[in-house]
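1. Requesting a structural model of the entry that follows:
(2 chains)
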Protein chains: 2
Amino acid sequence: MVSDDLFADPPEDTQEEILQAAFEVLQEQGYSGLSIQRIANKVGLQKASIYHHYSDKDDLLLSFVDHILDRMESDLIRTADVSPKTQLESILDSLLLDERASTSAVEISPPSDDLLRVFIQIRAQATHNSDYQDRIAAIDERHEEHLAAIIQRGIDAGEFRNVDPNQVATALNTFILGSFSQRATRTQVSLEPVHKSIYSYLENSVYV
Amino acid sequence: MVSDDLFADPPEDTQEEILQAAFEVLQEQGYSGLSIQRIANKVGLQKASIYHHYSDKDDLLLSFVDHILDRMESDLIRTADVSPKTQLESILDSLLLDERASTSAVEISPPSDDLLRVFIQIRAQATHNSDYQDRIAAIDERHEEHLAAIIQRGIDAGEFRNVDPNQVATALNTFILGSFSQRATRTQVSLEPVHKSIYSYLENSVYV
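-> As a prediction, the model looks like this:
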């Protein structure tokens, strides 16, 4: 979903270079320490050049969220041709376990701690800013729709019980969000107990 | 846990008056708009009077978190003499459903949307500030210990299976956190599907 290798490749253009600099400033200073000046210093541009691409720091951060969304989409497409159960478990393994699950049949890049910390900070802006609320809702809806589609596919294939796909998808997404928040705001937290419980839920309430 | 009527009573002293003003500024401006000056204006004090009680805005916010923790404790004590199952479901009903569950045998004040929004903003500071990380970890650990104690009581009473109390408690706390984040960052989100799924988990994986 949220990919680790977001900026693994060299930036393709100035816009991506600016987003990468914003990501670094966010990691070091947090949202309240993020300014166009600091981004400009980091990337070695004049402030005016940043304003040529983005109207203000919120516009820039919302573009960052879109950038994450685009990467997420390409990750999802890569997992479309395995069984629904394998697909679901690959997503949960990569998102909840610190290390990439070695048994996973599908390779999804787990999000780095740095990316999760930035994601939680951006998400917190949605508590009092309606522009952020709309984008955050779009992210959640896209995740929920994707999870619901996997669950529907599992029902059709006879692997899953006749559950309500949207209900299960919303619950899984809430669980993933809580796990991200735990990882991003506590040091040395292990998500293994959480991972075990969600597998217990799937075994006893979702799988045939 | 996090109580709605945090500031329902008139503040008892200047410190509580300052915390209440900080809560109001946080609701209106978010963390990045919070300043000692704005709090002073709101409460009708000089900045120096605020600094007499709190060294800076982070010290003030961390005291706010402690204030919430104290209130939480008193809520928990009030629920100690019902059956483990009833106690667990009362907590989940009040935290996850928008309205206080009318069937709930125990009265726990559900957290208001305003309080959840402020809580999510404060929590986000822990992504890059170790003082916040320590307090947030203390909150989570207290919640998890309390939930684990209820689950252990349920096992002892023969109401619950022989599950690992800490594992289930960590999972429930992660779920609650994800639900809080959903409620605080999306408008018009219903947690009913989430509530149904957690009950399904309890019925099929925890209860005897």
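
2. Give the next helix or strand downstream of the helix or strand encompassing residue A:155.
-> Element membership for residue A:155 (DSSP states H and E) is helix A:130-156. Under the assignment DSSP H and E, the closest C-terminal helix or strand after helix A:130-156 is helix A:165-185.

3. Give the buried residues for that next one.
-> Going by neighbour count (16 or more other Cβ atoms under 10 Å in any protein chain shown), the buried part of helix A:165-185 is A:165, A:167-185. From N, CA and C alone the C-beta is placed, and that goes for glycine too.

4. elements contacting that helix?
-> Helices and strands touching helix A:165-185, by 3 or more Cβ pairs under 8 Å, 6 or more residues apart in numbering or on different chains; DSSP states H and E, are helix A:84-96, helix A:113-125, helix A:130-156, helix A:192-201, helix B:113-125, helix B:130-156, helix B:165-185, helix B:192-201.

5. distance between it and the chain's centre?
-> Here the centre of helix A:165-185 is set off from its chain's centre by 11 Å, with Cα atoms, centre = their mean, to the nearest Å.

6. on that earlier part again, out of the helices and strands packed on helix A:165-185, which is closest to residue B:14?
-> Residue B:14 lies closest to helix B:113-125 among the helices and strands packed on helix A:165-185, at 20.4 Å (Cβ to Cβ).

7. where in chain A is pLDDT low?
-> Where chain A drops to pLDDT under 70, the residues are A:1-9, A:72-80, A:98-108.

8. thought residue A:83 was touching residue A:158?
-> No - judged on Cβ atoms under 8 Å, residue A:83 makes no contact with residue A:158 at a distance of 10.9 Å.

9. Can you give me the separation between the closest residue to chain B within chain A and residue B:172?
-> Closest contact between chain A and chain B, by Cβ to the nearest Cβ, is at residue A:178 (2.8 Å). Shown here: residue A:178 relative to residue B:172, a distance of 10 Å by Cβ to Cβ, to the nearest Å.

10. now do residue A:50
-> When distance is defined by Cβ to Cβ, residue A:50 is 44 Å away from residue B:172.

11. what's the answer for residue A:13, then?
-> Distance, residue A:13 to residue B:172, by Cβ to Cβ: 45 Å.

12. ditto for residue A:15
-> Counting by Cβ to Cβ, the gap from residue A:15 to residue B:172 is 42 Å.

13. and if you look at residue A:69?
-> Distance from residue A:69 to residue B:172, by Cβ to Cβ: 30 Å.

14. before we move on, what about residue A:27?
-> 31 Å.

15. Same question for residue A:164.
-> Here residue A:164 is placed at a distance of 21 Å from residue B:172 (Cβ to Cβ).

16. now swap in residue A:137 and tell me
-> Counting by Cβ to Cβ, the gap from residue A:137 to residue B:172 is 25 Å.

17. before we move on, what about residue A:169?
-> Distance from residue A:169 to residue B:172, by Cβ to Cβ: 20 Å.

18. surely residue A:208 meets residue A:163?
-> No - using Cβ under 8 Å, residue A:208 is not in contact with residue A:163, being 10.5 Å away.

19. neighbours of residue A:157, just the number please.
-> 12 (other Cβ atoms under 10 Å in any protein chain shown).

20. how near is the closest residue to it other than its chain neighbours to residue A:156?
-> Distances taken as Cβ to Cβ, 6 or more residues apart in numbering or on different chains place residue A:84 nearest to residue A:157, at 5.9 Å, with adjacent residues excluded. Relative to residue A:156, residue A:84 is positioned 8 Å away (Cβ to Cβ).

21. okay, those two: which has more neighbours?
-> Using other Cβ under 10 Å, the more surrounded residue of residue A:84 and residue A:156 is residue A:84, with 18 against 10.

22. give me every residue that touches the more buried one.
-> The contact partners of residue A:84, taken as Cβ atoms under 8 Å, 6 or more residues apart in numbering or on different chains, are A:150-151, A:153-154, A:157, A:159-160.

23. at 6 Å what do you get?
-> Neighbour list for residue A:84: A:150, A:153-154, A:157, A:159 [criterion: Cβ atoms under 6 Å, 6 or more residues apart in numbering or on different chains].

24. And for residue A:87, the neighbour number?
-> Residue A:87 sits with 23 neighbouring residues when counted by other Cβ under 10 Å.

25. cool, the one 10 residues further on as well?
-> Per other Cβ under 10 Å, the neighbour tally for residue A:97 reads 18.

26. and what of residue A:89?
-> If we define neighbours as other Cβ under 10 Å, then residue A:89 has 20 of them.

27. Where does the residue nearest to residue A:182 when sequence neighbours are not counted sit: helix, strand or coil?
-> Excluding the flanking residues, the one nearest residue A:182 by Cβ to Cβ, 6+ apart is residue A:189, at 5.2 Å. Assigned state for residue A:189: coil (three-state reduction, DSSP: H, G, I helix; E, B strand; the rest coil).

28. Can you get me a residue count around residue A:189?
-> Counted by other Cβ under 10 Å, the residues lying close to residue A:189 total 18.

29. rewinding a little: show me which of residue A:208 and residue A:163 is the more surrounded one.
-> Taking neighbours as other Cβ under 10 Å, residue A:208 and residue A:163 compare with residue A:163 leading, 18 against 11.

30. Could I get the contacting residues of that one?
-> Under the criterion of Cβ under 6 Å, 6+ apart, the neighbours of residue A:163 are residue A:206.

31. Quickly note the distance from it to residue B:182.
-> Per Cβ to Cβ, residue A:163 is found 20 Å from residue B:182.

32. Get me the contact residues on chain A for chain B.
-> Within reach of chain B by Cβ under 6 Å from any Cβ of the partner chain, chain A has these residues: A:30, A:32, A:117, A:120-121, A:123-124, A:126-128, A:133, A:136-137, A:167, A:170-171, A:174-175, A:177-179, A:181-182, A:184-187, A:193-194, A:196-197, A:200-201, A:204-205.

33. please redo it, this time with the cut-off set to 7 Å
-> With Cβ under 7 Å from any Cβ of the partner chain as the criterion, chain A meets chain B at residues A:30-32, A:117, A:120-121, A:123-124, A:126-128, A:133, A:136-137, A:140, A:166-168, A:170-171, A:174-175, A:177-179, A:181-182, A:184-187, A:193-194, A:196-197, A:200-201, A:204-205.

34. Could you list the buried residues of stretch A:29-43?
-> Buried residues in stretch A:29-43, counted by 16+ other Cβ under 10 Å: A:30-32, A:34, A:36, A:38-40, A:42-43.
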